[in-house]
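**Student:** how would this look folded up:
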Amino acid sequence: MSVLTIDVGTTVIKSVVFDDQGTEIAVSRVATEVLRPHPGWAEQDMDAVWQAVVRTVREVLAELTDPVRLVSFTAQGDGAWLVDDRGRPTGPAILWSDGRAGDQLTAWQRDGVLEAAFRRNGSLTCAGMPNALFSWLAAHDPDRLARSATSLTAAGWLFLRLTGVCASDESDASAPFLDHTTGDYDPQILDLFGLAAYARLLPTVLGESQRIAEITRQAADRLGLPAGLPVVMAPYDIAATARGVGVVNPGQACGILGTTLCTEIVRTEIDTTGEPSGINIAYRGRERVLRAFPTLNGAEVLGWAARLLHLPGPPELARLAFESRPGARGLMFLPYLSPAGERAPFLDPGARGSFWGLSLEHTPADLARAVFDGLSLVLRDSLAAARTDITELRLCGGGANSDAWCALIADATGVPTARSGDTELGAKGAFLTGLVRTGAESSMHRAADKYVRMQRSWQPDRERTEFYAALHDDFLHWRTIAREAGWRGAATWPGHAGRTAPDAPIARRIDTTHHPAATPAPGGTRV
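**Tutor:** Residues are numbered from 1 along each chain as shown. Got it, this is the predicted structure:
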């Protein structure tokens, strides 16, 4: 018997079938379109997403000889997938990466609303969360809110299409409205954001043991599955991915090197202290919380850099990058290229990227190396913000296919890294969740021990870790200057608005020409 899993990503939808040993035996992928009708907007056609799911499911089923015993799925989180009282879309889905509500976010940040909400449930609002989108729609498209009965997420939309149940799981509901002590919405947080009138849009929250229902006859016929098959809604994609890589116990951590650079650490309780940052995701009822820092900038930065340097794609960019030294010969890159700014491990809708220290002596390899260094320092930044001791960082996502980058991350963070032997980790997490929810496995811990296989690991080099610790200090310093300069003017620092350049010691600290850790290995490829 096989398990069919579905992963509704932002840019790719996948259906993956696992056998009884947890091995991928069939995969189908379909690219999806992110609509950008206005600057900063990010939307998707909800019916087109469903049609892509249908296509991928039918394609993988055509490869099978054994029957499917259950369906389990995960999907992108946040956003507003609004439907009417008949379950039909009232317009395109507004995605997690949408930036239209940036001004509202800035106002809430200025007025202390974001911090007050963080102190209650440990999640810092970003522009693509439902509260920000409800507020924007109330001001700019109130008719759509009036026509809408429920605001789902991508997972909620798929669960509705598969089972007819209109609901949300706890992981999707965690930010921004969930009360982690009750597992239901917190009316005080709704009041904080001035959204009590829109509580009617929030779907029922299903607990860990409740997210299972039978597929409807209509959906089964559409997909080519038997009616009555159990359907499990797994946590949304970043949480499902953590499960898929075996990060299920307190102190374990993973880093997703994908559309988002998401660093996640399992804890036993939410963290509402310190500088407001990231989100706390309900991970196993009230027993486990996933402290997560899902950035807005990740693999798209690599694609941008590859295009900038006229390379076919990120793999070629990586090969070029590791011809340069650690520190890129004094070149620093702030990788904040999303039109929506950044949301973790700090929040700033206006954040923009920049190169610092660029000169005629720098080569394309140095630019490529600076990009990888900058993204790796974002991971270090997130681990520091988590303030939790970890012993290993399990890496996944497309970027984890690069051995050199996995080794660089170990050096840059000072934490051993490891890569899974599986390729579809969100789907693997859905697989594990489905087994536990249907009783085939007794616990997530046992399921992870049985089915998760790590492929390779890397130990940090002490000398290089010390080097990257100093480089991280400089990274934070240049970022502070960029923010004070209004981000957009940061790249033209010399002479900008009459300001003076930073002092010489900082410039010397990022000069890696003679740093012992910067000596390239034979062939120029060692990280």
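
**Student:** Show the contacting residues for Pro37.
**Tutor:** Pro37 makes contacts with Glu43, as judged by CB atoms under 8 Å, 6 or more residues apart in numbering. Using the backbone N, CA and C atoms, a C-beta is placed for each residue, glycine as well.

**Student:** How is the protein divided into domains?
**Tutor:** 2-233, 247-527 (automatic domain parsing).

**Student:** could those domains be laid out in a markdown table, adding mean pLDDT and distance to Thr241?
**Tutor:** Output for these, formatted as a markdown table (pLDDT from 0 to 100; distance: least, CB to CB, whole Å):
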| stretch | mean pLDDT | distance to Thr241 |
| --- | --- | --- |
| domain 2-233 | 95 | 8 |
| domain 247-527 | 85 | 5 |
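
**Student:** export those to TSV and tack on distance to Ala239?
**Tutor:** What follows is those, written out as TSV (distance: least, CB to CB, whole Å):
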stretch	distance to Ala239
domain 2-233	5
domain 247-527	5
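
**Student:** So Leu383, which state does it fall into?
**Tutor:** Following DSSP: H, G, I helix; E, B strand; the rest coil, Leu383 is assigned to helix.

**Student:** if you skip the residues just before and after it, what's nearest to Ala101?
**Tutor:** Excluding the flanking residues, the one nearest Ala101 by CB to CB, 6 or more residues apart in numbering is Ala132, at 3.8 Å.

**Student:** What strand or helix carries that neighbour?
**Tutor:** Assigned by DSSP states H and E, Ala132 belongs to helix 130-140.

**Student:** For the stretch 101-250 of the chain, which segments count as helices?
**Tutor:** In the stretch 101-250 of the chain, the helices defined using DSSP state H, counting those that start in this stretch lie at 102-110, 113-121, 130-140, 142-147, 154-163, 170-173, 187-192, 217-223, 237-244.

**Student:** Let me know which of those is tucked in deepest.
**Tutor:** Mean neighbour count (mean count of other CB atoms under 10 Å) peaks for helix 237-244 among these, with a mean of 30.

**Student:** which element follows that one toward the C-terminus?
**Tutor:** In N-to-C order, the element after helix 237-244 by DSSP H and E is strand 253-257.

**Student:** And for that following strand, what's in contact with it?
**Tutor:** Contacts for strand 253-257 (CB under 8 Å, 6+ apart): 238, 241-242, 245, 247, 261-266, 298-299, 379, 383, 386, 388, 390, 392-400, 405, 409, 415, 417, 425.

**Student:** now, which of those lie within strands?
**Tutor:** Under the assignment DSSP state E, these contribute Leu261, Cys262, Thr263, Glu264, Ile265, Val266, Leu393, Arg394, Leu395, Cys396, Thr417 to strands.

**Student:** got a list of what the closest residue to the fourth one other than its chain neighbours touches?
**Tutor:** By that I understand Glu264. With sequence-adjacent residues excluded and distances taken as CB to CB, 6+ apart, Glu264 is closest to Ala292, at 4.5 Å. Applying CB under 8 Å, 6+ apart, one finds that Ala292 lies in contact with Ile238, Ala239, Cys262, Thr263, Glu264, Ile265, Gly278, Ile279, Asn280, Ile281, Ala344.

**Student:** so how far is Leu133 from the fifth one?
**Tutor:** Okay, so that is Glu264. 24 Å (CB to CB, to the nearest Å).

**Student:** cool, the third one as well?
**Tutor:** Between Cys262 and Leu133 the computed distance is 21 Å (CB to CB).

**Student:** again with the fourth one
**Tutor:** Relative to Leu133, Thr263 is positioned 25 Å away (criterion: CB to CB).

**Student:** Kindly report the same for the first one.
**Tutor:** Here the criterion is CB to CB. By it, Ile238 lies 19 Å from Leu133.

**Student:** Could I have the buried ones of the contacts of strand 253-257 as PyMOL selection syntax?
**Tutor:** Burial among the contacts of strand 253-257 is assessed by 16 or more other CB atoms under 10 Å; the matching PyMOL selection reads:
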select buried, resi 238+241+242+245+247+261+262+263+264+265+266+298+299+379+383+386+390+392+393+394+395+396+397+398+399+400+405+409+415+417+425
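
**Student:** Identify the residues contacting Cys126.
**Tutor:** Asp78, Trp96, Leu105, Ala132, Leu296, Ala340, Arg343, Ala344, Leu347.

**Student:** Leu296 too?
**Tutor:** Leu296 touches Ser97, Cys126, Thr260, Tyr336, Ser338, Ala340, Gly341, Glu342, Arg343, Ala344, counting by CB under 8 Å, 6+ apart.

**Student:** With distance to Phe177 added, can I get these in TSV?
**Tutor:** Below are the contacts of Leu296 laid out as TSV (distance: CB to CB, whole Å):
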residue	distance to Phe177
Ser97	20
Cys126	14
Thr260	21
Tyr336	27
Ser338	24
Ala340	21
Gly341	22
Glu342	22
Arg343	17
Ala344	18
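
**Student:** Format those as a markdown table; extra columns: distance to Glu214 and secondary structure.
**Tutor:** Output for the contacts of Leu296, formatted as a markdown table (distance: CB to CB, whole Å; DSSP: H, G, I helix; E, B strand; the rest coil):
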| residue | distance to Glu214 | secondary structure |
| --- | --- | --- |
| Ser97 | 33 | coil |
| Cys126 | 35 | coil |
| Thr260 | 33 | coil |
| Tyr336 | 45 | coil |
| Ser338 | 40 | coil |
| Ala340 | 38 | coil |
| Gly341 | 42 | coil |
| Glu342 | 42 | strand |
| Arg343 | 37 | coil |
| Ala344 | 37 | coil |
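
**Student:** Which of the residues you listed sits closest to Phe372?
**Tutor:** Tyr336 (15.3 Å; CB to CB).

**Student:** ok, that closest one touching Ala351?
**Tutor:** Yes: using CB atoms under 8 Å, Tyr336 is in contact with Ala351, at 4.0 Å.

**Student:** Looking at those two now, which is surrounded by more residues?
**Tutor:** Tyr336 (25 against 22; other CB atoms under 10 Å).

**Student:** how far away is the more buried one from Asp381?
**Tutor:** For Tyr336, the distance to Asp381 - CB to CB - is 12 Å.
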